[in-house]
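Colleague: Below: sequence and its predicted model.
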Amino acid sequence: MLQAIDKIQYLVGEFDGISHASPLMPYDELVCDFLSFLSGLLLADAEAKLYPDVIAFAYWCRKANITKLKQEFVEKHIRLGLGMTFHITPSNVPINFAFSFVFSLLAGNANVVRVPTKDFPQTGIVCRVIKQLFENSRYEKIADMTIFVKYDQNDEITGFFSSMCNARIIWGGDQAINNIRKLPIPERSIEVAFADRYSFCVINAYTVLQADNVAMAKLANSFYNDTYLMDQNACSSPHLIVWLHQVNDLVTAKQKFWDSVYKTVASKYEIQAVQAVDKYTQLCRNAIDLKNVAKCENYGNYIYRMKLEVLPTDVYLLRGQYGYFYEYDTDDINKLSHVICEKYQTLTYFGVDKDVLINFVLKNQLRGLDRIVPIGAALDIGVIWDGYDLVRTLSRICDIR
């Protein structure tokens with residue numbers, strides 16, 4: 001018997017035998033229809049429109065995107081969901097819980113989702129609209145398969161939901177994942193952990209020099225979306241900017257890029273006093289502790305740039321926030337391979353040929369780096385994430401011959 005039941009806040013649904021919910025096939029028609037209506041309600045919601053991350057989630061759930069994903073899901077085997085997925089979502093990303101829920105639902109599973117304990121408005125908006133949809137009897141089955149809960153860190157509660165799940169998804173830092181893993185799951189259950197990761201960006205200096213004002217404004221805005229929207233807290237937000245150059249005018253390319261970024265940031269970003277202090281404190285610490293710093297530059301409190309002479313193997317420990325970036329120059333992307341380990345998640349790029357990037361991964365047999373996307377797409381989450389095909393991972397094959 002769960003002793004801490006009074007410490008659970010149910011935001012959507014109630015616990016009533018959800019562990020016995022019957023699994024669906026991946027991309028079940030009812031699920032696709034539900035997501036289409038969810039998308040429409042969120043896109044039309046006045047409060048939701050105030051939050052770009054909620055609108056981005058709504059746009060991802062639109063009928064055209066789900067239909068495209070379903071068409072791409074070519075499977076010769078019969079598949080069904082695993083049963084019930086227990087999600088432990090991150091505390092610092094407001095809308096991540098909704099994506100985690102949708103990925104598992106598309107795989108055919110019932111879901112118990114622990115939402116962030118922090119009172120994000122986005123959480124309330126998504127829960128409110130989903131509850132509204134569940135009032136429609138058409139979605140009664142999905143309603144019976146869905147619970148969103150909120151509770152402070154509590155091993156008894158987490159252990160309770162873990163003990164009955166068929167899959168457990170953990171989003172969080174390394175220490176949090178290790179602590180949760182001490183709580184057992186059933187023998188046949190699977191676990192997917194999205195641990196702390198590191199991401200960086202590669203920019204071709206020559207391409208920047210060739211870009212006109214329109215292209216530079218677009219690039220700066222895309223870079224802003226990758227970094228400042230989440231204050232570089234997202235695992236896919238870059239901390240290190242690598243400049244590829246075959247020309248002597250690298251200084252001009254950098255100046256052109258950062259001037260454009262500064263204009264964008266200054267017009268959009270409201271930096272808080274505590275953030276400015278944190279950035280300056282990090283600058284002072286780096287100046288004292290790092291032995292490979294070539295120079296430091298800043299654009300007021302909006303942008304800090306720390307140029308590295310040498311790229312250490314543990315560069316993934318150097319992380320910025322609120323617009324604090326490390327920079328490194330090289331004439332060959334393959335010279336970066338020695339630093340790539342399992343910690344690396346996303347590489348964003350501009351002006352680099354796709355074949356060069358493919359060769360970089362395959363030639364160097366990289367142990368890390370799960371995503372390579374253009375600048376502006378760092379935060380674009382999908383059913384393939386951190387190297388997992390989540391719909392396939394969260395469903396099982398019934399082999400019939």
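Modeller: Yep, that arrived.

Colleague: what sits up against stretch 25-41?
Modeller: 24, 58-63, 66-67, 69-70, 73, 75, 78-81, 102, 105-108, 129-130, 132-133, 138-139, 141-142, 391-392, 395 (Cβ atoms under 8 Å, 6 or more residues apart in numbering). Bear in mind the C-beta positions are built from the backbone N, C-alpha and C, glycine included.

Colleague: Narrow those to just the buried residues.
Modeller: Listed as buried from those are 24, 58, 60-62, 66, 69-70, 79-81, 102, 105-108, 129-130, 133, 139, 141-142, 391-392, 395; burial here means 16 or more other Cβ atoms under 10 Å.

Colleague: ok, which stretches of the stretch 51-200 of the chain are helices?
Modeller: 52-60, 63-72, 96-107, 121-134, 140-144, 155-164, 174-180 (DSSP state H, counting those that start in this stretch).

Colleague: Where does pLDDT dip in the chain?
Modeller: Along the chain, the parts satisfying pLDDT under 70 run over 1, 17, 19.

Colleague: For it, which helix extends over the most residues?
Modeller: helix 250-268 (DSSP state H).

Colleague: And whatever helix or strand comes next after that helix, what does it pack against?
Modeller: Once the chain leaves helix 250-268, the next helix or strand it forms, by DSSP states H and E, is helix 273-289. For helix 273-289, the elements it packs on are strand 293-299, strand 303-308, strand 324-330, judged by 3 or more Cβ pairs under 8 Å, 6 or more residues apart in numbering; DSSP states H and E.

Colleague: With distance to residue 354 and mean neighbour count added, can I get these in CSV?
Modeller: Listed next are the helices and strands packed on helix 273-289 as CSV, based on distance: least, Cβ to Cβ, whole Å; neighbours: other Cβ atoms under 10 Å:
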stretch, distance to residue 354, mean neighbour count
strand 293-299, 31, 13
strand 303-308, 27, 21
strand 324-330, 19, 20
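
Colleague: of all those, which lies closest to residue 96?
Modeller: Nearest to residue 96, of all the helices and strands packed on helix 273-289, is strand 324-330, at 22.9 Å by Cβ to Cβ.

Colleague: Which elements pack onto the following helix or strand past the closest one?
Modeller: Following strand 324-330 in sequence order, the next helix or strand is strand 344-350 (DSSP H and E). In terms of contacts (3+ Cβ pairs under 8 Å, 6+ apart), strand 344-350 is packed against strand 198-204, strand 371-374.

Colleague: follow-up on the earlier one: any chance of the helices and strands packed on helix 273-289 in a markdown table, plus distance to residue 262?
Modeller: Converted to a markdown table, the helices and strands packed on helix 273-289 look like this (distance: least, Cβ to Cβ, whole Å):
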| stretch | distance to residue 262 |
| --- | --- |
| strand 293-299 | 4 |
| strand 303-308 | 6 |
| strand 324-330 | 12 |
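
Colleague: Ok, which of the ones you listed comes nearest residue 125?
Modeller: strand 324-330 (30.5 Å).

Colleague: Please tell me how far residue 243 sits from residue 316.
Modeller: 19 Å (Cβ to Cβ, to the nearest Å).

Colleague: now swap in residue 154 and tell me
Modeller: Residue 154 is 31 Å from residue 316, by Cβ to Cβ.

Colleague: Residue 379: neighbouring residues, count only.
Modeller: 19 (other Cβ atoms under 10 Å).

Colleague: next one: the one 5 residues further on
Modeller: Residue 384 has 16 neighbouring residues, counting by other Cβ under 10 Å.

Colleague: before we move on, what about residue 270?
Modeller: 5.

Colleague: if I look at it, how far off is residue 216?
Modeller: Counting by Cβ to Cβ - residue 270 and residue 216 are separated by 23 Å.
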